[in-house]
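S.K.: For reference, the sequence and a predicted model appear below.
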Amino acid sequence: MRRKRTGHGGAALPAALIALAVSSALAAGLANLSRTELMIARDRQRMAVALAAADACLATVTASLPAGWDLDTVLAGPDGVSATADDGVLAAPAGCRAMARPAPGPAAPPRVQVSIDATAGAGHRIVDAVLGRATDPIPSLLWLASADRIGAVSGTLALDGSDPADPARPGWAALGAPGRPETLDAWLGAQAGGVVTSGGTVPPITAPVPPLVALAGRIRSAGAGGPETLAAAPPAAPALALVAGDLIVGAPQWGAGLLYVDGVVDVRSSFAFAGVLVATGGIRVASGATLDVAGAVWLGAAAGDTLSVAGTMAVRRDQASIAQADGLLTLPRAAALVGVRDPG
């Protein structure tokens with residue numbers, strides 16, 4: 001007797017084929033999705049690398065801009081002359097271009113808009129930033145025009161970058177100069193205990209060259225006094241002073257404010273100063289002599305050693321004294337980032 005066919009066997013094959021087709025479509029879709037996600041991940045990686053390169057370029061460009069008061073020289077380009085072909089062109093590291101143009105809005109405070117165009121590998125990024133001037137002067141106890149031939153400390157040099165009036169504020173650097181701070185680190189390490197830094201003093205920093213020539217012009221225009229502003233006994237009245245040539249301290253003297261010496265500060269006795277002391281020819285402290293500065297010291301690129309300390313020299317941060325000097329004549333500032341935008 002024949003068995004009756006139910007028909008279920010005939011339906012199984014089409015169902016299996018449909019399931020296989022669906023599975024194949026899902027697998028293809030997942031493979032395509034994986035490829036898409038991989039491409040997106042690669043694009044994001046390229047963008048991240050390019051954005052990091054643009055940020056690094058912006059930081060380098062900002063740090064390399066000259067210290068000063070306005071930003072006109074930045075807009076004038078490398079030749080320093082306005083209305084020429086290189087207006088706005090900024091020196092930038094390999095792999096990026098930097099252009100400056102006037103920032104929109106009021107003229108004060110001084111600001112420029114900088115566009116960074118960076119390429120890293122297969123990535124490309126553009127960053128727009130607004131640069132201005134820092135709120136405070138260079139945060140360094142000793143601001144040097146050059147890290148070469150700093151000199152030797154056979155006596156004692158004490159550096160204190162802490163702020164007793166506001167311990168929460170970041171400490172100031174022991175030294176600041178153009179170039180890599182490792183050069184200054186090496187100098188500190190070579191002084192064999194002659195240089196003593198307090199706990200609040202941070203390591204050396206890279207800083208632009210002090211604009212001493214421009215500062216001297218501003219001091220002269222402001223009608224500064226001379227060495228007569230120094231006192232033979234404390235207290236000394238804050239003053240704006242400029243000394244043409246070396247300043248030889250052969251007897252105890254006190255001073256305050258902003259003192260610009262267009263030569264060497266040669267201390268052979270005791271000298272105490274509160275504010276900003278500028279010496280284009282460097283500082284010499286003889287054996288047995290003392291120099292005590294509450295504020296900051298700015299030094300030019302001397303023909304010989306910038307520092308020669310056989311006696312005792314101390315520089316400690318004093319915000320009130322620096323603010324007093326800044327009130328007599330606005331001090332130069334480094335360029336600083338005001339804002340940044342990432343248009344892509």
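M.R.: Right, received. Where do you want to start? Just so you know, these numbers come straight off a predicted model, no measurement behind them.

S.K.: CA atoms for contacts and neighbours, from now on please.
M.R.: OK.

S.K.: in terms of contact, does residue 243 touch residue 261 like I think?
M.R.: Yes: contact criterion CA atoms under 8 Å: residue 243 and residue 261 qualify, at 4.7 Å.

S.K.: Tell me which of those two has more neighbours.
M.R.: The residue with more neighbours, out of residue 243 and residue 261, is residue 261; 24 against 19, by other CA atoms under 10 Å.

S.K.: Quick check: that one vs residue 201, distance?
M.R.: Look at residue 261 and residue 201: by CA to CA, to the nearest Å, they are 26 Å apart.

S.K.: Grab the most central residue of the chain for me.
M.R.: Nearest to the mean C-alpha position of the chain, by CA atoms, centre = their mean, lies residue 63 at 4.7 Å.

S.K.: Which helix or strand lies directly C-terminal to the host helix or strand of it?
M.R.: Taking DSSP states H and E as the definition, residue 63 sits inside helix 8-64. For helix 8-64, the following helix or strand on the C-terminal side (DSSP H and E) is helix 72-76.

S.K.: now stretch 95-105: mean pLDDT?
M.R.: Averaged across stretch 95-105, the pLDDT comes to 91.

S.K.: which residues sit in contact with residue 342?
M.R.: 126-128 (CA atoms under 8 Å, 6 or more residues apart in numbering).

S.K.: Now render these as CSV, adding pLDDT, secondary structure and neighbour count.
M.R.: Shown next, in CSV, are the contacts of residue 342 (pLDDT from 0 to 100; DSSP: H, G, I helix; E, B strand; the rest coil; neighbours: other CA atoms under 10 Å):
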residue, pLDDT, secondary structure, neighbour count
126, 86, strand, 20
127, 87, strand, 20
128, 91, strand, 21
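
S.K.: Now flag whichever of those residues is closest to residue 252.
M.R.: residue 128 (53.7 Å; CA to CA).

S.K.: Not counting sequence-adjacent ones, nearest residue to the closest one?
M.R.: In this structure, residue 128 finds its nearest non-sequential neighbour in residue 115, 4.5 Å apart by CA to CA, 6 or more residues apart in numbering.

S.K.: now residue 197
M.R.: Per CA to CA, 6+ apart, closest to residue 197 is residue 159, 4.8 Å.

S.K.: what do you get for residue 310?
M.R.: residue 155 (4.2 Å).

S.K.: Which residues lie in contact with the nearest residue to residue 287 once chain neighbours are set aside in this structure?
M.R.: The shortest distance from residue 287 to any non-neighbouring residue, by CA to CA, 6+ apart, is to residue 311 (4.1 Å). Contact partners of residue 311, counting by CA under 8 Å, 6+ apart, are 154-156, 285-290.

S.K.: measure residue 311 to residue 246 for me?
M.R.: From residue 311 to residue 246 the distance is 19 Å (CA to CA).

S.K.: returning to that earlier point: contacts for whichever strand or helix holds the residue nearest to residue 128?
M.R.: Using DSSP H and E, residue 115 maps to strand 112-120. With contact meaning CA under 8 Å, 6+ apart, strand 112-120 is reached by 46, 49-51, 53-54, 57-58, 71, 75, 95-103, 124-132.

S.K.: tell me how far the ends of stretch 60-73 are from each other?
M.R.: Span of stretch 60-73 from end to end, CA to CA: 17 Å.
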